[in-house]
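*Asks:* sequence plus predicted model, see below.
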Amino acid sequence: MTTTAAGDTTKTLKRITWQSENCLSCMWFSPSDPINADILTNGRCVHSELNKFNLIITGRDWCNLFDEIPQEQIDQMQEKAMQSEQ
């Protein structure tokens, strides 16, 4: 068994980066379940430049075309989903 110094341990671990501007908070994310959407929810990216690729993404994904979704858009999406369930 080989031991390593404490400073060498970080070299063997994968780096994990958390981003705050993820798809869940992007106006181009169209979740499969708008009422209960979270970072693990699948959805589509409906950005005009990416729409042609029919991307299926999760709320935790991200890209450089992020544009923060306004609360009004979230409310409208959820209201529309609730009406379609009735």
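*Replies:* In hand now; what should we look at?
*Asks:* show me what contacts residue 44?
*Replies:* By C-beta atoms under 8 Å, 6 or more residues apart in numbering, the residues touching residue 44 are 29-30, 54-57. Every C-beta, even on glycine, is put in place using the N, C-alpha and C of the backbone.
*Asks:* in the chain, which helix or strand is least confident?
*Replies:* None of the helices or strands of the chain scores lower by mean pLDDT, DSSP states H and E than helix 6-12, at a mean of 54.
*Asks:* I'd like the next helix or strand past that one.
*Replies:* strand 29-31 (DSSP states H and E).
*Asks:* so what's the residue nearest the centre of the chain closest to, chain neighbours aside?
*Replies:* Centroid check for the chain by C-alpha atoms, centre = their mean gives residue 59 as the closest residue, at 2.3 Å. Spatially, and ignoring its direct neighbours in sequence, residue 59 is nearest to residue 24 (3.2 Å; C-beta to C-beta, 6 or more residues apart in numbering).
*Asks:* from what I see, the one you found and residue 37 are in contact.
*Replies:* Yes. Between residue 24 and residue 37 there is a contact under C-beta atoms under 8 Å: 6.4 Å.
*Asks:* need the residues touching each of the two.
*Replies:* By C-beta under 8 Å, 6+ apart, the residues touching both residue 24 and residue 37 are 31, 59.
*Asks:* follow-up on the earlier one: and the furthest pair within the contacts of residue 44?
*Replies:* Pairwise distances across those (C-beta to C-beta) peak at 14.1 Å, for the pair 29 and 54.
*Asks:* higher neighbour count, the two?
*Replies:* The neighbour count for residue 29 versus residue 54, taken as other C-beta atoms under 10 Å, is higher for residue 29 (24 against 8).
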